[in-house]
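> below are the sequence and a predicted model for it; my questions follow.
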Amino acid sequence: MRVGIDIEDISRMSEKLAEKIATPSEKQYLSRFKEGKTQHIASLWTAKEACVKMLDKTDLSFLEIEVSHSDSGRPAIELKGEALKRFISLGLKSIDVSISHTSSPVSYTHLTLPTIRL
């Protein structure tokens, strides 16, 4: 099993950062929020950063890691390009993600990836 965790100060997040790290569908998701948008930007950042740490490959593009949400709000991660290649090379099967933020200035993400046993 591999784990990636990240905690971030929400006050460091901005729409300028979102323009750099968010995929088109993530930008569409962010556009739904008029209030508290920086919390959601921080959630994207921490999910992507935790994924990079879990994959142990610091040169991945955040645009190859996409965070989506089900209708109920459950987050999911889809990997593309080099991030997906790294995921496959590690023999990983799935990604479980939990993203939390509160009124405090912190966003937290925890990823767990079970390893495929052959």
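Okay, I see it. Residues are numbered from 1 along each chain as shown.

> the residue nearest to Ser70 when sequence neighbours are not counted sits in which helix or strand?
Of all residues not flanking Ser70 in the chain, Ala76 sits nearest, at 7.0 Å (Cβ to Cβ, 6 or more residues apart in numbering). Heads up, the C-betas are built off the backbone N, CA and C, glycines and all. Element membership for Ala76, per DSSP states H and E: strand 75-79.

> that strand: partners in the sheet, and parallel or antiparallel?
Strand 75-79 has the following strand partners under DSSP bridges: strand 65-69 (antiparallel).

> send me the partner strand as PDB with only the CA atoms.
This file holds the C-alpha atoms of strand 65-69, laid out as PDB (Å, rounded to 0.1, in the frame of the first residue of the first chain):
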ATOM      1  CA  ILE A  65      -3.800  14.600 -12.200                       C
ATOM      2  CA  GLU A  66      -7.500  15.400 -12.300                       C
ATOM      3  CA  VAL A  67      -9.800  15.700  -9.300                       C
ATOM      4  CA  SER A  68     -13.500  15.200  -9.900                       C
ATOM      5  CA  HIS A  69     -16.500  14.800  -7.600                       C
END
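
> what's in contact with it?
Here strand 65-69 makes contact (Cβ atoms under 8 Å, 6 or more residues apart in numbering) with 23, 25-26, 29, 43-44, 47-48, 51-52, 75-80, 83, 97, 99.

> again, 7 Å this time
23, 25-26, 29, 44, 47-48, 51, 75-80, 83 (Cβ atoms under 7 Å, 6 or more residues apart in numbering).

> over to stretch 48-61?
Counting by Cβ under 7 Å, 6+ apart, 2-6, 21, 62, 65, 77, 82-83, 86-87, 109-111, 113 sit against stretch 48-61.
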